[in-house]
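Undergrad: quick one, structure for this:
(2 chains)
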Amino acid sequence: MKGKGSYTKGLISRCTNYKDSDIIFTLLSEQKGVQNFIARGAKKPASRLSGHIEPVNFVEIYYSSKSNLPSVSQIQSIDSFLKIKSDYNLLLQSQYLVELSEKFFTDISDSKSQLEKLIETINQLSSTSHHKLIILVYEYELLKSTGFGLQVFDCLNCSRNLKKSSNYFSYFNNGFYCLNCLKEASPSEELIKFTVEDQIVFRSIERRDYVGISKLDVSDVLLKKLSDCLKKSISNILGVQLKSSRFL
Amino acid sequence: MTLGRSSLPIEIQKLIIAFSSLPGIGPKTAQRLTFYILSQSVDETLKLSEALKDVKKNLSYCQCCFFITSEENINTCNFCHEKESPSICVVENIVDAITIDMSGIHSGTYHILHGSISPMNGIGPENLKIDALINRINTESPEEIILATNPTLEGEATSMYLSNFIKENYKNIKITKLAKGLASGTDLEFSDFNTLSNAFENRTDMN
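TA: This next block holds a predicted model:
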């Protein structure tokens, strides 16, 4: 706290122009999850705020919360992710991560650790070539931390450990059915067959074992399969498809 | 008993809703505008409605540069057909084209994309006038494409997409982008890292 104002850190997820020179922006803040702010006069050429207010910018802000829409008095960039923003594909991927986080942040009580994970993931995008895998791990982690974690070790129906054989994934119920319980699945459920090798990758993602994953030599086909499963699970949970997901 | 908005005549409610759909106008301003219209003479109000109707009915976009033009001049827009230049300046919207044109800096033609790539809003390259730009490049064979998109994340994404595409498919076309950096009248002390880094990257030789 400084004077009568408040202070927070966060990642800007989206900006909207308001009136002639104001900007309303959404912040994934470390204290209160998704928060909206207004930066008055930010579009004026001499404004000290404008350069910092951009989506996918990690910032610290001072604001006054006298009205429903807190007004920003000072803003300072901590990380602008310039490397991400200078590459078209990385930019699209980071936008997807931000949109995904925005949808789940409201349900997260501990938004600080989730924000740290998001920033770490965005940084990892620029430092490795396994972009799709990094996104998969983040999606997986996010689902887990919001209580929608996938059941990849036990059967959804009998709760017994999955045997070392092909099993069937249901994105409707976020987990696997063993071969014996396959008939218990609802006829409307779309089931996707996973071989033993496919499941090993899934489990490595669950364990967040980057070293293990990099040794696995995951094919593009399997990556797409895993990615589709997670995206369908996410759409099923949210009830909508993320707009930025089609650009990946 | 209080008089709620639902007890107002349906015509007034409809006008309030119509005004509130405009950018920057909330329900309160919409209500104020509606009652102002109501206090005006019939002639004045009809003038406004005629003007609104004409704008939508008589105007269209030029099929070459996508600037506004009258329905009859859809293929011979004055904005692009009176100019002869080997360069095309690509802008996000009509206001940007007018601003650059009024400054007199660019004497060539323009191409208006009518938006920018914004993944979070579901806007991709296929939603912009990029196909038309490619057609123009094929037919006009310009020497230079000037990317004058806004220095925002969406504007940068658009210019990155365009420059990647043009570089890959048209080796002989020079692609340039508007400079980014310190604005006139600002202090270094208050510049953000992003602006400073751009200013350093695009510094000019003084020798």
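Undergrad: dump the C-alpha coordinates for stretch A:225-244 into PDB.
TA: The C-alpha trace of stretch A:225-244 is given here as PDB (Å, rounded to 0.1, in the frame of the first residue of the first chain):
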ATOM      1  CA  LYS A 225      -4.000 -36.200 -30.300                       C
ATOM      2  CA  LEU A 226      -3.100 -35.200 -26.800                       C
ATOM      3  CA  SER A 227      -3.600 -31.500 -27.500                       C
ATOM      4  CA  ASP A 228      -7.100 -32.200 -29.000                       C
ATOM      5  CA  CYS A 229      -8.000 -34.300 -26.000                       C
ATOM      6  CA  LEU A 230      -7.100 -31.500 -23.600                       C
ATOM      7  CA  LYS A 231      -8.700 -28.800 -25.700                       C
ATOM      8  CA  LYS A 232     -11.900 -30.700 -25.900                       C
ATOM      9  CA  SER A 233     -11.800 -31.300 -22.100                       C
ATOM     10  CA  ILE A 234     -11.300 -27.500 -21.600                       C
ATOM     11  CA  SER A 235     -14.100 -26.600 -24.000                       C
ATOM     12  CA  ASN A 236     -16.300 -29.100 -22.100                       C
ATOM     13  CA  ILE A 237     -15.500 -27.500 -18.800                       C
ATOM     14  CA  LEU A 238     -15.800 -23.900 -19.900                       C
ATOM     15  CA  GLY A 239     -18.800 -24.500 -22.200                       C
ATOM     16  CA  VAL A 240     -17.200 -22.500 -24.900                       C
ATOM     17  CA  GLN A 241     -14.300 -22.900 -27.200                       C
ATOM     18  CA  LEU A 242     -11.400 -20.400 -26.700                       C
ATOM     19  CA  LYS A 243     -11.200 -18.000 -29.600                       C
ATOM     20  CA  SER A 244      -7.400 -18.100 -29.800                       C
END
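Undergrad: need the contact partners of that stretch.
TA: A:92, A:95-96, A:99-100, A:103, A:132, A:135-136, A:139-140, A:143, A:148, A:150, A:169, A:171-172, A:174, A:190, A:192, A:198, A:201-202, A:205, A:245, A:248, B:119-122 (C-beta atoms under 8 Å, 6 or more residues apart in numbering or on different chains). The C-beta positions use only the backbone N, C-alpha and C, and glycine is treated the same way.
Undergrad: pLDDT averaged over it - what is it?
TA: Stretch A:225-244 comes out with an average pLDDT of 91.
Undergrad: which parts of that stretch are buried?
TA: For stretch A:225-244, the neighbour count (16 or more other C-beta atoms under 10 Å in any protein chain shown) marks A:225-227, A:229-234, A:237, A:242-244 as buried.
Undergrad: got JSON lines for those residues, with distance to residue A:160 too?
TA: JSON lines is the format used below for those (distance: C-beta to C-beta, whole Å):
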{"residue": "A:225", "distance to residue A:160": "24"}
{"residue": "A:226", "distance to residue A:160": "23"}
{"residue": "A:227", "distance to residue A:160": "28"}
{"residue": "A:229", "distance to residue A:160": "22"}
{"residue": "A:230", "distance to residue A:160": "24"}
{"residue": "A:231", "distance to residue A:160": "28"}
{"residue": "A:232", "distance to residue A:160": "25"}
{"residue": "A:233", "distance to residue A:160": "22"}
{"residue": "A:234", "distance to residue A:160": "27"}
{"residue": "A:237", "distance to residue A:160": "25"}
{"residue": "A:242", "distance to residue A:160": "34"}
{"residue": "A:243", "distance to residue A:160": "39"}
{"residue": "A:244", "distance to residue A:160": "38"}
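Undergrad: quick one: which of those residues is nearest residue B:66?
TA: Nearest to residue B:66 among the buried residues of stretch A:225-244: residue A:243, at 24.2 Å, using C-beta to C-beta.
Undergrad: can you tell me how far residue A:170 is from residue A:195?
TA: Distance of residue A:170 to residue A:195, given as C-beta to C-beta, to the nearest Å: 16 Å.
Undergrad: compare those two (neighbour count), which wins?
TA: residue A:170 (23 against 11; other C-beta atoms under 10 Å in any protein chain shown).
Undergrad: how about low-confidence regions in chain B?
TA: Along chain B, segments meeting pLDDT under 70 span B:1-5, B:84.
Undergrad: which residues in it form strands?
TA: In chain B, the strands defined using DSSP state E lie at B:59-61, B:68-70, B:87-91, B:109-112, B:144-147, B:174-177.
Undergrad: beyond the lowest-mean-pLDDT helix or strand in chain A, next helix or strand please.
TA: Every helix and strand in chain A was compared by mean pLDDT, DSSP states H and E; the lowest is helix A:210-216, with a mean of 64. The helix or strand immediately downstream of helix A:210-216 is helix A:220-238, counting by DSSP states H and E.
Undergrad: so how far is that next one from its chain's centroid?
TA: Taking C-alpha atoms, centre = their mean, to the nearest Å, one finds the center of helix A:220-238 at 13 Å from the center of the full chain.
Undergrad: show me how chain B divides into domains.
TA: B:7-59, B:83-205 (automatic domain parsing).
Undergrad: which stretches of chain A have low pLDDT?
TA: A:1-4, A:107-109, A:208-216.
Undergrad: up against chain A, what does chain B have?
TA: B:24, B:119-122, B:124, B:152-153, B:156-157, B:160-161, B:164, B:183-186, B:190-195, B:197 (C-beta under 8 Å from any C-beta of the partner chain).
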